[in-house]
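Asker: 3D model of this:
(one chain, ligands or ions: 1)
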Amino acid sequence: MFDYKDKELNYSKIRAYQSCPTLYKYKYVEGKREGLTAGGSLGVSLHRTLEMYHEEGNKDELILDYYNDCWIAGGYKNAQEQNEYFLKGKQILANFLALQKKCKGTVKYIEKEFIISHQEWIIRGKIDRVDKFADDSFDVIDYKTGLEMDKTYDVKDSLQLAIYTLGARKAWNMKKGKSSLWLLAFSEIISTDFKDFDDNKTLETITSVGKKILAEEFYPNTEHCEHCGFKNRCPYSTSSSG
Ligand code: SF4
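Answerer: Numbers count the residues shown, from 1 in each chain. Presented below is the predicted three-dimensional model:
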């Protein structure tokens, strides 16, 4: 049986808790599965495609074959919506290849996991990609496949990149570099220097969420119900379609 007192944390768990503690409880305490959404399904299809692309030696001409192999048909309202998203995904892959051509580093890791311990906590992370440069600096990269973007977003506020930077420094001893989000739907890369992240602050954020989880503070936060995979089952849902 799932042990929710397990003191192992990762970005997905923390993001779920920060989004809605009840959502965290459904997913990680009760082990319930979220319903598939169109955006989520497209995201998984694209991440698997990019993983296969790197594993098979970065062959641009085969990326659409990988996409067809990795396509997940679930989560769409009907065949027309599925087709629309499939075409959006193709454009995202074209954007990816264009960004890839501008890269000056070499790919060092793909889907690489780190594990660190802090006090009583184990912190894990899986990073989409890490590039290495000639000056021994690194680029810690997360691929974002979302179709919506907040233009005011400051990458220095990314808890995900803060956690990945913490892992790169503590688990792999990477001293200098940058951390980047590849916003594939917008053909944009936003980066910030490792120095912009304070590891102590990141650890404080992680452990403070961990303590609330152990205290079973699982109240509902209904701000994000519209995009929640439990909106059709959750009694607190305020979603108009829930
Ligand atoms: S439907 Fe709303 S209240 Fe319920 S788990 Fe999801 S986000 Fe939380």
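Asker: tell me where this protein has strands.
Answerer: 8-9, 106-118, 121-132, 138-144, 177-183, 188-193 (DSSP state E).
Asker: could you dump these to a markdown table with distance to the ligand?
Answerer: C-betas here are computed from N, CA, C, even on glycine. Formatted as a markdown table, the strands of the chain follow (distance: least, Cβ to the nearest ligand atom, whole Å):
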| stretch | distance to the ligand |
| --- | --- |
| strand 8-9 | 19 |
| strand 106-118 | 28 |
| strand 121-132 | 23 |
| strand 138-144 | 21 |
| strand 177-183 | 24 |
| strand 188-193 | 27 |
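Asker: I'd like those as TSV, with mean pLDDT and distance to I206 appended.
Answerer: Converted to TSV, those look like this (pLDDT from 0 to 100; distance: least, Cβ to Cβ, whole Å):
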stretch	mean pLDDT	distance to I206
strand 8-9	94	6
strand 106-118	94	8
strand 121-132	95	6
strand 138-144	95	17
strand 177-183	95	16
strand 188-193	94	19
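Asker: closest one to L64 among those strands?
Answerer: Evaluated with Cβ to Cβ, the strands of the chain place strand 138-144 nearest to L64, the distance being 17.1 Å.
Asker: I'd like to know which elements the closest one is packed against.
Answerer: helix 38-55, strand 121-132, helix 159-172, strand 177-183 (3 or more Cβ pairs under 8 Å, 6 or more residues apart in numbering; DSSP states H and E).
Asker: mind putting the strands of the chain into CSV with distance to Y76 and mean neighbour count?
Answerer: Output for those, formatted as CSV (distance: least, Cβ to Cβ, whole Å; neighbours: other Cβ atoms under 10 Å):
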stretch, distance to Y76, mean neighbour count
strand 8-9, 32, 18
strand 106-118, 26, 15
strand 121-132, 24, 19
strand 138-144, 20, 22
strand 177-183, 23, 23
strand 188-193, 26, 16
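Asker: right, I'll call it a day here.
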